[in-house]
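**Q** Attaching a predicted model along with its sequence, questions to come.
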Amino acid sequence: MPTEDLWCRDSGPVFVVDGQGKLAISQIQFNGWGQKQLHALDAKVASRVADRLGLTLRPTGLQGEAGGVEQDGHGLLMAHESSWVNENRNPGMAHAEIESRLLAAYGADRIIWSEGVLGQDITDYHIDSLARFTGPGRVLINLPDEPDMGDPFHLAALDTHDRLADEGLQIDVIPEPFERRVHDPEFVASYANYYVCNGAVLIAEFGDSETDKIARNALGRHYPGREVVSLNVDTLGELGGGIHCATQQMPAV
């Protein structure tokens, strides 16, 4: 299937299952992260997958990306407002309407919002590079040990942590890597951007033996019974993403 880019978490389909166990696609329309990048082909990926698999396409009326929202599979979502309540994604749409449409898209009951960071990276700070649900009421979050209070991403990350804590969620904090093979400040070094597949969890390793081990052990605790596989994905980090960004799961039904 022809594409301009490889980030199928964002351009690809969001699979949903109805009450009869039938698969469909919940269509969040990709628009190049708010018209920041060419996307004539990427904008058609979800609908083309639906056609290829013979699945119903269920429009949500939203423009955005699945990397910008996290779900626990039990009715709870979390997201940064900067990736959704944004004139480059959903112009003229009120916050309450965006929330309602996101809840309907994921079959969820509630969403925890935090502010995020607007206009400082192509995604407007996707939640999946910071925090992930690992089960109902349980979150794994990647925070710097020594936050730079002049860094908007560090400030937003601390705000997200505090909002999740205020909601009474169980939060497991793991550090960012101190030493990396790639030192470019634009490099994405997120342990939280892992991918859960059949029988395993795929996680990035960045060359810091201490923090790489902490992250592996954390995922082992959160996903018992699955093999934790560490991969060198520096190329993805240099392109601005990670393993989760480059993947999209399809549930077995």
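**A** Nice, thanks for sending it over.

**Q** So the closest residue to F187 other than its chain neighbours: helix, strand or coil?
**A** Using CB to CB, 6 or more residues apart in numbering and skipping residues adjacent in sequence, the residue nearest F187 is G237, 4.8 Å away. Using the backbone N, CA and C atoms, a C-beta is placed for each residue, glycine as well. Put simply, G237 is helix when judged by DSSP: H, G, I helix; E, B strand; the rest coil.

**Q** how close does G237 sit to A192?
**A** According to CB to CB, to the nearest Å, G237 stands 13 Å off from A192.

**Q** again with L143
**A** On the measure of CB to CB, L143 and A192 end up 10 Å apart.

**Q** joint contacts of those two?
**A** In terms of CB atoms under 8 Å, 6 or more residues apart in numbering, L143 and A192 are both contacted by the residues I174.

**Q** State whether R58 is indeed within a strand.
**A** Yes: under three-state DSSP, R58 sits within a strand.

**Q** Could you tell me which residues make contact with it?
**A** Per CB under 8 Å, 6+ apart, neighbours of R58: V16, A24, I25, S26, Q27.

**Q** cutoff 7 Å now
**A** If a contact means CB atoms under 7 Å, 6 or more residues apart in numbering, then R58 has A24, I25, S26, Q27 as its contacts.

**Q** ok, H222 touching F133?
**A** No: assessed by CB atoms under 7 Å, H222 is found out of contact with F133, at 9.8 Å.

**Q** mind listing the strands for the stretch 1-150 of the chain?
**A** With strands called from DSSP state E, counting those that start in this stretch, the stretch 1-150 of the chain shows them at 14-17, 23-29, 56-63, 69-71, 76-80, 110-114, 131-135, 138-143.

**Q** H154 reaches P144, doesn't it?
**A** Yes: under the criterion of CB under 7 Å, H154 makes contact with P144 at 5.9 Å.

**Q** Turn the strands of the stretch 1-150 of the chain into CSV, including mean pLDDT.
**A** Below are the strands of the stretch 1-150 of the chain laid out as CSV (pLDDT from 0 to 100):
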stretch, mean pLDDT
strand 14-17, 94
strand 23-29, 96
strand 56-63, 96
strand 69-71, 97
strand 76-80, 98
strand 110-114, 98
strand 131-135, 97
strand 138-143, 97
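
**Q** Can you get me a residue count around F15?
**A** Neighbour count for F15, taken as other CB atoms under 10 Å: 19.

**Q** Just the local confidence number for the closest residue to it other than its chain neighbours, please.
**A** Nearest non-adjacent residue to F15, counting by CB to CB, 6+ apart: M250, 5.1 Å away. Here the pLDDT value assigned to M250 is 94.

**Q** Can I take it that M250 is in a helix?
**A** No: M250 sits outside any helix when classified using three-state DSSP, being coil.

**Q** Count residues in the vicinity of it, would you?
**A** 13.

**Q** can you give me phi and psi for it?
**A** Phi and psi for M250, reported as degrees, to the nearest 10, are phi -130, psi 120.

**Q** and what of S230?
**A** Backbone torsions of S230, given as degrees, to the nearest 10, read phi -90, psi 130.

**Q** need the contact list for the spatially closest residue to it that is not a sequence neighbour.
**A** In space, and not counting its chain neighbours, S230 is closest to E205: 4.1 Å by CB to CB, 6+ apart. If you count contacts by CB under 7 Å, 6+ apart, E205 has them with D212, S230, L231, N232.

**Q** what's the closest of these to G68?
**A** When the contacts of E205 are ranked by distance to G68 (CB to CB), L231 comes first, at 23.5 Å.

**Q** Please report how far the closest one lies from D72.
**A** Separation of L231 from D72 (CB to CB) stands at 25 Å.

**Q** So those two - more neighbours on which side?
**A** Taking other CB under 10 Å, L231 and D72 do not tie; D72 has more neighbours (18 against 13).

**Q** Next one: that one from R110, what distance?
**A** Counting by CB to CB - D72 and R110 are separated by 10 Å.
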